[in-house]
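*Asks:* Return a 3D structure for these sequence lines:
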Amino acid sequence: MATAVEDKHFFEGTEKLLEVWFSSTSNEDTRNLRTIERCHWEELLKLVQCEIISIVSDEDMDAYVLSESSMFVTSHRFILKTCGQTTLLLAVEPLLKLVANKCGFDKVQDVFYSRKNFTRPDKQHKIHRKFEDEVDHLDTMLKDGAAYCLGRMNRDCWYLYTIDCIGVMDPDQTLELLMWNMDQKKMKIFSKETCASGKEASEKSGISALIPGAQIDDFLFHPCGYSMNGLLPGGYYITIHVTPEPQCSYVSFETNVPQKSYHDLLKKILKVFSPGKFLMTIFANQESIAKDSPKDLENMTAVQGYVRNDHQHCLFKNYSLTYTHFSRPVL
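*Replies:* Predicted structure coming up:
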């Protein structure tokens, strides 16, 4: 049971992640989510209990750093990732109405909602405390929902909700690395005591060098905590969020940058953050160059300094999904 002090200073770093691809039954190519004005996004985010801190854009995407994680908007894809006690699923129905009214998108082409199990589910809004309740809520708005759990249900696990139909036919892939029990020497970088700005934290930690060429928007919270979004040409992004407090340390890394193998990137990330445990998921559809990455990971029974605890590979729709869990060996 958490002590009063631990409870007061606890922050749930684990994020809720929603990705929705939209289309229209009229098949018009002029529809674009990026035409929705910022004020409408701000109203939507009030339902989630977070707000916009900054935004960067390129030809393909708008990337928002939020008070609790990030949001990405392309012409027909919406991604919202929020941590803490945010109420992400309360915004799904208003989102569907918003994009229909403002853009004419009347069809959900594909949807993915995922998260790791929470450290303190009791501190979440009632809609998010149990995955079963999240599934029931999504089923009221979406047809042919399909829910999955990977990992150990009584330990560390990862939940996924999607719809059971082939939607996205463009090359699509997502790597997500969720890390906890962090090295506190590394975590000290992500505090105002050590760094004056997000840029300084990005440079000192080595984040700036993880994926060269990215347009970076970073933010260092007071007294600690860090968020960054990075954009690359072609509609690619990276996003990193750090909860450095020792009693609830957590880091997430996510990118849709396509690679045949993510081994080298994984090693770089682990060198920057040095977690005690991590889980990794790789989504890739059959059109992606990353489609064979599950075979690559199957033989990766160990990473330097870590042992593999679980490894699962799933095939559904036109996607493959790999879940793998590592931890430092107990000495």
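
*Asks:* Name the residues linked to the residue lying closest to Leu88 once chain neighbours are set aside by a beta bridge.
*Replies:* Distance criterion CB to CB, 6 or more residues apart in numbering; nearest residue to Leu88, sequence neighbours excluded, is Lys16 at 4.3 Å. Where C-beta positions appear, they are placed from N, C-alpha and C, glycine not excepted. Beta-bridge partners for Lys16, by DSSP bridges, are Thr82, Arg115.

*Asks:* Next: Asp62.
*Replies:* Ser57, Val73.

*Asks:* begin at 50 from here
*Replies:* Understood, numbering begins at 50; the last thing we discussed is Asp111.

*Asks:* dump the residue contacts of it.
*Replies:* Taking CB atoms under 8 Å, 6 or more residues apart in numbering, we find Asp111 in contact with Arg83, Ile104, Val105, Phe121, Val122, Thr123.

*Asks:* Show me what counts as buried in stretch 285-303.
*Replies:* 285-294, 297-303 (16 or more other CB atoms under 10 Å).

*Asks:* actually stretch 305-323, not the one I wrote
*Replies:* Under the neighbour-count rule (16+ other CB under 10 Å), stretch 305-323 has 305-308, 311, 314-315, 317-319, 321-323 buried.

*Asks:* pLDDT on that stretch, on average?
*Replies:* Stretch 305-323 shows a mean pLDDT of 95.

*Asks:* same question, stretch 81-97
*Replies:* 98.

*Asks:* Then stretch 259-275?
*Replies:* Here the average pLDDT along stretch 259-275 is 96.

*Asks:* Which residues lie in contact with Ile128 in this structure?
*Replies:* Residues counted as contacts of Ile128 (CB under 8 Å, 6+ apart) are Leu66, Leu67, Glu68, Val69, Ser119, Met120, Phe121, Val122.

*Asks:* now do 6 Å
*Replies:* Shown in contact with Ile128 (CB atoms under 6 Å, 6 or more residues apart in numbering): Glu68, Phe121.

*Asks:* Need the buried residues of stretch 305-323 in JSON lines (columns: distance to Arg87 and secondary structure).
*Replies:* Below are the buried residues of stretch 305-323 laid out as JSON lines (distance: CB to CB, whole Å; DSSP: H, G, I helix; E, B strand; the rest coil):
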{"residue": "Asn305", "distance to Arg87": "23", "secondary structure": "coil"}
{"residue": "Val306", "distance to Arg87": "26", "secondary structure": "coil"}
{"residue": "Pro307", "distance to Arg87": "30", "secondary structure": "coil"}
{"residue": "Gln308", "distance to Arg87": "33", "secondary structure": "coil"}
{"residue": "Tyr311", "distance to Arg87": "34", "secondary structure": "coil"}
{"residue": "Leu314", "distance to Arg87": "32", "secondary structure": "helix"}
{"residue": "Leu315", "distance to Arg87": "35", "secondary structure": "helix"}
{"residue": "Lys317", "distance to Arg87": "34", "secondary structure": "helix"}
{"residue": "Ile318", "distance to Arg87": "32", "secondary structure": "helix"}
{"residue": "Leu319", "distance to Arg87": "36", "secondary structure": "helix"}
{"residue": "Val321", "distance to Arg87": "32", "secondary structure": "helix"}
{"residue": "Phe322", "distance to Arg87": "32", "secondary structure": "helix"}
{"residue": "Ser323", "distance to Arg87": "37", "secondary structure": "coil"}
